[in-house]
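**Student:** requesting a structural model of the entry that follows:
(chains A and B)
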Protein chains: 2
Amino acid sequence: MAFNYPNGRRFDASAFAKPVAKSSSQSNRGMSLEGDLNDANQFYLVSGQAVIHKKPTPIQIVNVSYPARSAAKITEAYFRQASTTDYNGVYHGRYIDFDAKETTNKRSFPLKNVHEHQIKHLKQVVASEGLAFMIIRFTTLRETYVIWAQLLFDYWDAQETARKSIPYDVIVAQGAQVPLGINPTTPYLVAVDELLNQRN
Amino acid sequence: MAFNYPNGRRFDASAFAKPVAKSSSQSNRGMSLEGDLNDANQFYLVSGQAVIHKKPTPIQIVNVSYPARSAAKITEAYFRQASTTDYNGVYHGRYIDFDAKETTNKRSFPLKNVHEHQIKHLKQVVASEGLAFMIIRFTTLRETYVIWAQLLFDYWDAQETARKSIPYDVIVAQGAQVPLGINPTTPYLVAVDELLNQRN
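**Tutor:** Residues are numbered from 1 along each chain as shown, chains lettered A, B, ... in the order given. Below you'll find the predicted structure:
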């Protein structure tokens, strides 16, 4: 059964699942971009490279009950519209902020995957000199890229009069590809470093 | 009715309330530190000085129902233990991270107001060169201070063999007081600037 947020975004129950114990099985690896990023963030945290967390989904709580001898149970609540992106944290003292999106398209990244509030927030981050970017996975191609938020803004702001997607070729040329890893499978900070080096 | 998180922390329903429309009335101002900080963060965001948000409370969702023509309704969910502090964001490109606490004590700040996971997270932030601090309000004295997380660590790590609180005098001497403001009422970045200037 597919759940949707009020904004039409798909509800991903895995986002609320407790982290499972690590096993030697690779069967759960590479299944979703979000799972891969959680693994990467855990690796970066434990190895002291960066402190990056996924933000909890905002919930409006209306009713809570207190069953005897049990934890407080929320019996009525609603999803609220987020006002930021899903991920932020610190990397060598710098603030980093990003969202992550998957597409089955092969030739372009459709802008309908992005929401107005995410663009607004990323623009605020750039204005405050934070590092703002987007992680895009082409699931069919099994390729993942990091692009600066500015590239996203360029296409977003022009979409009324121009195309409503970012061409794959542009993402390849201006972004940095995330190499395939073992642990973590998606070491996206390698791609962020590459973009930072190009900028310097 | 007072609600508690599984960790014994008090549940503050106002944290989940939708922001109310601004009115010229000052009657709701200065009522809680959290409300004051939300006002300050909104002011800093709109004025372009910083992008700082309070993180949503993490919730484990178990059941969602879909009443006809209505928004998705969460019918069973539980509070989860947070793994970070409540606030983070970017200020002039730098990552800042903090928690905020109130005490009715007049002579010290009891360490029981702080949780282990908050200390752990703040230490990780410091290791990644982020700016980590704590905002402490002495509600009876109507005074609010910003202290570096390091001062908190010093007392936290010694509490088994020494006192279990940070003396008020130490907070006054080593912290920076947040001046009283009109809009925002609690301009805490003024105190953060003061601490940064002392460090340089």
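**Student:** following element in sequence after the lengthiest strand in chain A, please.
**Tutor:** The longest strand of chain A (DSSP state E) is strand A:94-103. Moving toward the C-terminus from strand A:94-103, the next helix or strand (DSSP states H and E) is strand A:108-110.
**Student:** can you tell me the average pLDDT over the helix or strand that comes right after that next one?
**Tutor:** The helix or strand immediately downstream of strand A:108-110 is helix A:116-127, counting by DSSP H and E. If you average the pLDDT over helix A:116-127, you get 97.
**Student:** then stretch A:43-62?
**Tutor:** 96.
**Student:** may I have it as CSV, with CA atoms only?
**Tutor:** Extracted C-alpha coordinates of stretch A:43-62, given in CSV (Å, rounded to 0.1, in the frame of the first residue of the first chain):
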residue,chain,number,x,y,z
PHE,A,43,30.1,5.5,8.6
TYR,A,44,31.2,9.2,8.4
LEU,A,45,30.0,9.7,12.0
VAL,A,46,31.8,6.7,13.5
SER,A,47,35.0,7.4,11.6
GLY,A,48,34.9,11.0,12.6
GLN,A,49,34.8,12.5,9.1
ALA,A,50,31.5,14.3,9.4
VAL,A,51,28.3,14.7,11.4
ILE,A,52,25.4,14.5,9.1
HIS,A,53,21.9,13.3,10.0
LYS,A,54,18.6,12.9,8.2
LYS,A,55,16.0,15.2,9.8
PRO,A,56,12.8,13.5,11.3
THR,A,57,9.6,14.0,9.3
PRO,A,58,7.6,16.8,11.0
ILE,A,59,4.4,15.5,12.6
GLN,A,60,1.6,17.5,14.2
ILE,A,61,0.5,15.6,17.3
VAL,A,62,-3.1,16.0,18.4
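**Student:** ok, back up a step: which strands and helices lie in contact with the longest strand of chain A?
**Tutor:** Under the contact definition 3 or more C-beta pairs under 8 Å, 6 or more residues apart in numbering or on different chains; DSSP states H and E, strand A:94-103 sits against helix A:33-46, strand A:87-91, strand A:108-110, helix A:116-127, strand A:131-138, strand B:87-91, strand B:94-103. Yep, even glycine has a C-beta here, placed from its N, CA and C like the rest.
**Student:** so which bits of the fourth one are buried?
**Tutor:** Looking back up the chat, that one is helix A:116-127. Neighbour-count burial for helix A:116-127, counted by 16 or more other C-beta atoms under 10 Å in any protein chain shown, picks out A:118-119, A:121-126.
**Student:** what packs against that helix?
**Tutor:** Where contact means 3+ C-beta pairs under 8 Å, 6+ apart, helix A:116-127 is packed against strand A:94-103, strand A:131-138, helix A:149-158, strand B:51-54.
**Student:** A:Gln118 versus the closest residue to A:Thr103 other than its chain neighbours, what's the distance?
**Tutor:** Once flanking residues are discounted, A:Thr103 sits nearest to A:Phe109: 5.5 Å by C-beta to C-beta, 6 or more residues apart in numbering or on different chains. Computed as C-beta to C-beta, to the nearest Å, the A:Phe109 to A:Gln118 distance reads 14 Å.
**Student:** indicate which one of the helices and strands packed on strand A:94-103 is closest to A:Tyr78.
**Tutor:** For A:Tyr78, the closest of these is helix A:116-127, at 17.1 Å, according to C-beta to C-beta.
**Student:** so that closest one versus helix B:33-46, what angle?
**Tutor:** Going by axes from the mean of the first three to the mean of the last three C-alpha atoms, to 10 degrees, helix A:116-127 is angled at 80 degrees with respect to helix B:33-46.
**Student:** list the contacts of helix A:116-127.
**Tutor:** Helix A:116-127 is contacted by residues A:81-85, A:95, A:97, A:99, A:131-132, A:134, A:149-150, A:152-153, A:156, B:45, B:48, B:51, B:90 when judged by C-beta atoms under 8 Å, 6 or more residues apart in numbering or on different chains.
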